[in-house]
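Here is the input, now give the coordinates:
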Amino acid sequence: MTPLEQIRQLVNTTLVRSHINVVEDWLRQRPGSMVIDIGANTGGFVQAWLDNGASVVHAFEPVPQWFSRLDHRFQHDSRVFANRVAISDKISTVTGAQILGCHTLADPAKVKMDVALEDTGAFDFDTTTVDVYVKNNAITKLDLIKLDVDGYEPQAVRGMRHTLSYLRPLLMIELSFLPIRLGESVERMIMQLYDQDYKLCTMDREVCDDPLIVLEAFPWRTSFDMVAVPVEHITLGWPRIR
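A predicted model of the protein is given here:
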């Protein structure tokens, strides 16, 4: 099966626990690993990282009710640092945000999407960048970044450029149509990753050498997860299909 066929197949599937084996294998090979979980929600993936050997997880979740559950869940676990902050490409304060369809956070007067059933009213939150957070917390080792922020992935990727260049973590990222709704360029985000010597890989370990393959099969009406792998870690364990 070609990468294009694999990506199209993923469009019709839902991410389930078995599909993150590739990420879990990565962590198990790195005991005491360091993880940044962006869009942590109530902590389902945070627990998965801990179960697979992570020694520290920095979790980011700006939605008050979801952060409250995340914080309560891990309040006695010294391995987890919960931050009610969103990750973007700049430090700022967002006011009047609500939970819109597909869990996108925005002012419904500015972004034409229906309010989600989970919405409980407007709230404010702060944003920072991965690069700033890593510097401020003197993080010198990073094994995995998980990024699922429902449309704000391009901003987050722009704000982690230095971290990707120097710490070379694996990046588990959701690709979806939502950035387009927010006026962002998916093409530029994908090209940035390839320009920084990363290659996107399906959850079945098939590496896409050409970013145009990813763009051709991009989920313009849905979403799926892929893994951006530093090229120096693409070995026989990460088979290439051209």
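
Mind checking what secondary structure V56 has?
Following DSSP: H, G, I helix; E, B strand; the rest coil, we place V56 in the strand state.

just checking, it touches I36?
No - the pair V56 / I36 is not scored as a contact, 9.4 Å apart, by CB atoms under 8 Å. For glycine as for every other residue, the C-beta is placed from the backbone atoms N, C-alpha and C.

Comparing these two, which residue is more hemmed in?
Neighbour totals were compared for V56 and I36, and I36 leads with 29 against 20 (other CB atoms under 10 Å).

Does the more buried one touch L144 like I think?
Yes - I36 lies in contact with L144 (CB under 8 Å); the separation is 7.3 Å.

Overlap of the contact sets of those two?
Residues touching both I36 and L144 by CB atoms under 8 Å, 6 or more residues apart in numbering: P169.

what's near enough to touch the residue most central in space within the chain?
The centroid of the chain falls nearest to L147 when counting by CA atoms, centre = their mean (0.8 Å). Counting by CB under 8 Å, 6+ apart, L147 touches 38-39, 87, 153, 156-157, 171-174.

Distance check, it against I91.
18 Å (CB to CB, to the nearest Å).

what's the answer for L212, then?
L212 is 34 Å from I91, where distance means CB to CB.

do the same with F177
28 Å.

ok, those two, which is more surrounded?
Legend: neighbour count by other CB under 10 Å for F177 and I91, higher for F177 (15 against 12).

With V149 as the reference, measure out to the residue nearest to the more buried one when sequence neighbours are not counted.
Closest residue to F177 apart from its sequence neighbours, by CB to CB, 6 or more residues apart in numbering: W220 at 4.9 Å. In this view, W220 and V149 are 18 Å apart by CB to CB.

neighbour-wise, which of those two wins?
Neighbours per residue (other CB under 10 Å) separate W220 from V149, with V149 holding more: 24 against 10.

quick one: the more buried one and C102 touch, right?
No - V149 is beyond contact range of C102, at 11.0 Å (criterion: CB under 8 Å).

which of the contacts of L147 lies closest to V186?
Comparing the contacts of L147 against V186 with CB to CB places E153 closest, at 8.2 Å.

so what's P64 scoring on pLDDT?
Looking at P64, its pLDDT is 96.

That one: what's it in contact with?
By CB under 8 Å, 6+ apart, P64 lies in contact with 84, 120, 123.

nearest to F60, of these?
Checking those against F60 with CB to CB, the nearest one is R84 at 8.2 Å.

nearest spatial neighbour of the closest one, skipping sequence neighbours?
Leaving aside its chain neighbours, R84 sits nearest to F67 (4.4 Å; criterion: CB to CB, 6+ apart).

what helix or strand does that neighbour sit in?
Secondary structure assignment for F67, by DSSP states H and E: helix 64-73.

What backbone torsions are found at V111?
When read as degrees, to the nearest 10, the backbone of V111 gives phi -120, psi 120.

ok, now which ones touch it?
So V111 contacts 100, 104, 181-182 (CB under 8 Å, 6+ apart).

Can you tell me how far it is from L178?
V111 is 10 Å from L178, by CB to CB.

now T120
Distance from T120 to L178, by CB to CB: 21 Å.

And for the residue nearest to A59 when sequence neighbours are not counted, the neighbour number?
Among residues not flanking A59 along the chain, A40 sits closest, at 3.8 Å (CB to CB, 6+ apart). Neighbourhood size, A40 [other CB under 10 Å]: 25.

helix/strand/coil for A40?
coil.

can I assume it is in contact with P62?
No - counting by CB under 8 Å, A40 stays clear of P62, with 9.9 Å between them.

Surely D126 is in a helix?
No - judged by three-state DSSP, D126 forms no part of a helix; its state is strand.

Per-residue pLDDT of the residue nearest to I173 when sequence neighbours are not counted, please?
Counting by CB to CB, 6+ apart, L147 is the residue found nearest to I173 once chain neighbours are left out, at 4.7 Å. Per-residue confidence for L147 comes out at a pLDDT of 97.
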